[in-house]
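Asker: please find the sequence and the predicted model below.
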Amino acid sequence: MIVGVLRETAPRESRVALTPGNVRELSTAGLQVVVEEGAGRGAGFADSAYRASGALVVGDRTAVFERSDIVAWVKPPAFELASMPLRAGTTMVGFQDPHYRRDVIDRLRGLGVESVAFDSVPRDDTTTEIDALTTMSRIAGAVGYAEGRQLLSPQVRSRPVRALVLGCGAAGLAAIAAARTFDDEKPGAVGNRLEQEIAALGAGAGRFVPNQDDNAALLDLLATTPPDLIIGTAAHRGSRAPRLLEQASLELLAPGTVIVDLVAKAGGNCVATVPDTTVTLPNGVIVTHRSNYPTARPTAASRAYGAATAAMILCIASGQRSADGRARVAEAS
C-alpha cells in the first residue's frame, strides 16, 4: 500500500499531514510513502528529512495521486480534485469540512473514492490515537483566545480582559486556560450539560452557566455581565454547530467586543460569522474566524496531527475500519 502526502494549498496553511517521524513509522510497518516536494517546509521539515525517513519525494501533486492508495492532507485542497488522476479504491484522509463539502464528498464516493474525516471520528476511549480533532482543538482554543485578545482595543488590553467561552470541549477548555497566561479575569463558561461544570472550573473558569436551546441563560448573562471577548467553540463533531449568538445577543454587546468563532466551518456559533473573514458589525462588534488557528504553531501542530494521521492509516491498512466506528466515512449531516 502506498501513502501520499500533499503539500497544503489552503490559504495560510503551514502544517503537514505526516512528519518524517511518521513516515519512518509507516515504512517500518511495510507501507510506502510518497511526499510532494515542499510539503513539510512550512512546518520545518525538509525534503531531505523525508528522504532519510524512507519516503519518495515527487515534484508535483499529480504524481502523488497517480501513485497513492491513500492520500493524506490537513485541510481540503484548494484545487479541484476532479483535475487529479483519481482512481476507484483511493482513500482521502484528513479534515473534510463535511458541512460545506457534502457535494464534493458525494461525487467522490460515486467515483469509488472514500473520504475519511477526522471531523467525524467519535470522541471516546477507543479513538484516542486517531482523534486529530481534539488535539487540533486544544491548540485552536489557545491560539484563538490570544488572537482574539489582540483585536481588542489597547485600552481594554491594558486591564484584565473579561472573556466568555461558549462550549466546554477541548477547544473551550483550552481557551479558558489561556486566559490565565494573560492574567485576565477568570472567564465565564457556557455549556449545555451540568457535568461540564467540573471540567470548566478545573480549567480556570470563574463561573459556569448551563444554557438550553432557548439561549435564555446566555442572554441574561450578556445583559448583566457583558464580556470584552467571546470565544465560540460549541459544536458536536459531525453535526451543525448550535447558533448561540443571534441578533438579539449581538445587540447586547458593547462596541469593540470581539467574537472569535472557532466553529464557523460547522455552521458557526454566531449568526454574523463569515468563514475565514473578520467583519465589524454596525454596532462596532468584531466577529472573526479563520479555519487554521493551529497553523500558528506549525511544528507542534504537525507532530500532533501526524501522529493521528499515521494511526488512522495503520487502521485502514490493517482493515480495522467502520465496523467499530474508529474511522467513519465523512457524511454531511
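Answerer: That came through, no problem. Quantities reported herein were computed from a predicted structural model and do not represent experimental measurements.

Asker: which residue ranges of this protein form helices?
Answerer: 20-28, 47-52, 61-67, 102-110, 132-150, 154-157, 170-181, 196-203, 216-224, 247-250, 298-317 (DSSP state H).

Asker: can you put those in CSV and add mean pLDDT?
Answerer: Formatted as CSV, these follow (pLDDT from 0 to 100):
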stretch, mean pLDDT
helix 20-28, 98
helix 47-52, 98
helix 61-67, 97
helix 102-110, 94
helix 132-150, 96
helix 154-157, 97
helix 170-181, 96
helix 196-203, 96
helix 216-224, 95
helix 247-250, 96
helix 298-317, 96
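
Asker: tell me which of these lies nearest to T91.
Answerer: helix 298-317 (6.2 Å; CB to CB). Every C-beta, even on glycine, is put in place using the N, C-alpha and C of the backbone.

Asker: hang on, the earlier thing: I'd like the helices of the chain laid out as JSON lines, including mean neighbour count and distance to D276.
Answerer: Below are these laid out as JSON lines (neighbours: other CB atoms under 10 Å; distance: least, CB to CB, whole Å):
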{"stretch": "helix 20-28", "mean neighbour count": "20", "distance to D276": "28"}
{"stretch": "helix 47-52", "mean neighbour count": "16", "distance to D276": "29"}
{"stretch": "helix 61-67", "mean neighbour count": "19", "distance to D276": "22"}
{"stretch": "helix 102-110", "mean neighbour count": "15", "distance to D276": "17"}
{"stretch": "helix 132-150", "mean neighbour count": "23", "distance to D276": "13"}
{"stretch": "helix 154-157", "mean neighbour count": "12", "distance to D276": "24"}
{"stretch": "helix 170-181", "mean neighbour count": "24", "distance to D276": "17"}
{"stretch": "helix 196-203", "mean neighbour count": "17", "distance to D276": "28"}
{"stretch": "helix 216-224", "mean neighbour count": "15", "distance to D276": "25"}
{"stretch": "helix 247-250", "mean neighbour count": "16", "distance to D276": "20"}
{"stretch": "helix 298-317", "mean neighbour count": "22", "distance to D276": "18"}
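
Asker: any chance of the ones you listed in a markdown table, plus distance to A264?
Answerer: Converted to a markdown table, the helices of the chain look like this (distance: least, CB to CB, whole Å):
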| stretch | distance to A264 |
| --- | --- |
| helix 20-28 | 29 |
| helix 47-52 | 33 |
| helix 61-67 | 27 |
| helix 102-110 | 16 |
| helix 132-150 | 11 |
| helix 154-157 | 24 |
| helix 170-181 | 13 |
| helix 196-203 | 22 |
| helix 216-224 | 18 |
| helix 247-250 | 15 |
| helix 298-317 | 19 |
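
Asker: ok, which of the ones you listed comes nearest W73?
Answerer: helix 298-317 (9.1 Å).

Asker: quick one: contacts of that closest one?
Answerer: Helix 298-317 is contacted from outside by 1, 3, 14-19, 21-22, 25-26, 29, 31, 40, 42-45, 70, 72, 74, 91, 93-94, 116, 118, 129-132, 135-136, 139, 294-295, 321, 326-327, using CB atoms under 8 Å, 6 or more residues apart in numbering.

Asker: now, of these, which are buried?
Answerer: With neighbours counted using 16 or more other CB atoms under 10 Å, those contain these buried positions: 3, 14-19, 22, 25-26, 31, 40, 42-43, 45, 70, 72, 74, 91, 93-94, 116, 118, 130-132, 135-136, 139, 294-295, 321, 326-327.

Asker: ok, R157 touching L151?
Answerer: No. In this structure, R157 is not within contact of L151 by CB atoms under 8 Å, at 9.4 Å.

Asker: now do the contacts for N211.
Answerer: Listed by CB under 8 Å, 6+ apart, the contact partners of N211 are 190-192, 217-218, 244.

Asker: at 7 Å instead, please
Answerer: N211 makes contact with 190-192, 217-218, according to CB atoms under 7 Å, 6 or more residues apart in numbering.
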